[in-house]
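Trainee: 3D, please:
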Amino acid sequence: MACFCNKSMALCLVLTICLLGSSFAELQRFEHPANGDGSLSFLVIGDWGRRGAYNQSEVAFQMGRIGEKLNINFVVSTGDDFYDNGLTGENDPAFEESFSKIYTAKSLQKQWYSVLGNHDYRGDVKAQLSPVLKKLDSRWLCLRSFVLNAEIAEFFFVDTNPFVDAYFENPKGHSYDWRGVLPREKYLANLLKDIESALRESRAKWKIVVGHHAIRTVGHHGDTRELVKQLLPILKANDVDLYINGHDHCLEHISDANSPIQFLTSGAGSKAWRGDVKTLNREVVKFFYDGQGFMSVQLTQTNAEILFYDVAGKVLHRWNAPKQQLYSAI
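Mentor: Numbering: from 1, shown residues only. Purely as a prediction, here's the structure:
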């Protein structure tokens, strides 16, 4: 279901949200204009919602500073927005205490596009997806899976949680809100079909996929084998440039050994895991940091520049590559 509006983007978003249907429907589409020169810049933060604790507030402050410097267009959230167990309902004070009252900088008063994380699924998922939250804070947009057309780039937000077998087979005492997902097999089959179709039809200069779980990582959780098997082949076949995720509480940049895809983890919005590193994928790791921080992305027609920042706003890693040289830059 596409959204075609000649008025404000806010109206476009409201109209689209009002048209939301079944979980098995075609992916919802949103529009966000690029800059006048065709460029685009945004911040990426994940695993953050702790009412300011574990340096969440300090990271938010630096995001505001960098957001102003880059004049960002929007913010991408990679999930686990509310710890430890999502929201209890539409009126849960955690929404304001972990989001509205934390990300207060003027530069962060832009649209936020968010996917669900596994901790979000432990709460009332429908509350987190509810348009009521947008009435509380107009920046908020969280859906299971959707497409964002930002002119120079298209973003494909994917709900990765239902892919993970362990959440169904061995939930380890946790309760997950699978309303809207079951039957799981049908949900995943339709989601993969929709993602593949949307990627194939995209004519954007940059194709960026966002999910909560990592495909490639040296972090605590390791590669998500279900995504490696089911989603990664679709990304490779459709010329995806970046896969962005959270879940591991770290910052990292990993190249793919046989495709142009760059795997970028930004899951260090609050509590980080120090010293928890695996040996898998080390041969293609360009950067890894096990502290708190966030990421910025700047795109032009011909170039991508990605920076990772720590809790003090210091640049830890910079990756810059022309579009046509992405593969040779591996």
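Trainee: The residue positioned nearest the centre of the chain: what's it in contact with?
Mentor: For the chain, the residue whose C-alpha lies nearest the mean C-alpha position (Cα atoms, centre = their mean) is Thr78; its distance is 3.0 Å. Counting by Cβ atoms under 8 Å, 6 or more residues apart in numbering, Thr78 touches 44-47, 114-115, 117, 210-212, 244-247, 266-267. C-beta here means a position set from N, CA and C on the backbone, and glycine is covered the same way.
Trainee: got it, and Asn118?
Mentor: Counting by Cβ under 8 Å, 6+ apart, Asn118 makes contact with Gly79, Asp80, Asn161, Val164, Tyr167, Tyr176, His212, His213, His247.
Trainee: That one belongs to a helix?
Mentor: No: assessed with DSSP: H, G, I helix; E, B strand; the rest coil, Asn118 is coil; it does not lie in a helix.
Trainee: which ones are touching Arg144?
Mentor: Contact partners of Arg144, counting by Cβ under 8 Å, 6+ apart, are Ser23, Val115, Leu116, Leu129, Asp159, Gly180.
Trainee: Make a PyMOL selection of the buried ones in the contacts of Thr78.
Mentor: Paste this into PyMOL to select the buried members of the contacts of Thr78, with burial taken from 16 or more other Cβ atoms under 10 Å:
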select buried, resi 44+45+46+47+114+115+117+210+211+212+244+245+246+247+266+267
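Trainee: Widest-spaced pair of the contacts of Thr78?
Mentor: Put simply, by Cβ to Cβ the two of these set farthest apart are Ile45 and Gly211, 14.7 Å from each other.
Trainee: so where does Asn320 fall, helix or strand?
Mentor: Taking DSSP states H and E as the criterion, Asn320 maps to strand 315-322.
Trainee: Okay, Pro171 and Asn161: tell me how far apart.
Mentor: For Pro171, the distance to Asn161 under the criterion Cβ to Cβ, to the nearest Å works out to 12 Å.
Trainee: do Lys135 as well
Mentor: Relative to Asn161, and taking Cβ to Cβ, Lys135 is found at 26 Å.
Trainee: Between these two, tell me which one has more neighbours.
Mentor: Between Lys135 and Asn161, counted using other Cβ atoms under 10 Å, the more crowded position is Asn161 (24 against 11).
Trainee: Against which helices or strands is the lengthiest helix in the chain packed?
Mentor: If each helix of the chain is counted by residues according to DSSP state H, the longest one is helix 184-201. Secondary-structure packing of helix 184-201 (3 or more Cβ pairs under 8 Å, 6 or more residues apart in numbering; DSSP states H and E): strand 153-158, strand 206-211, helix 232-237.
Trainee: hmm, 7 Å instead?
Mentor: strand 153-158, helix 232-237 (3 or more Cβ pairs under 7 Å, 6 or more residues apart in numbering; DSSP states H and E).
Trainee: Identify the residue nearest Gln62 in space, chain neighbours excluded?
Mentor: The spatial neighbour of Gln62 that comes closest, neighbours along the chain excluded (Cβ to Cβ, 6 or more residues apart in numbering), is Gly313 at 3.8 Å.
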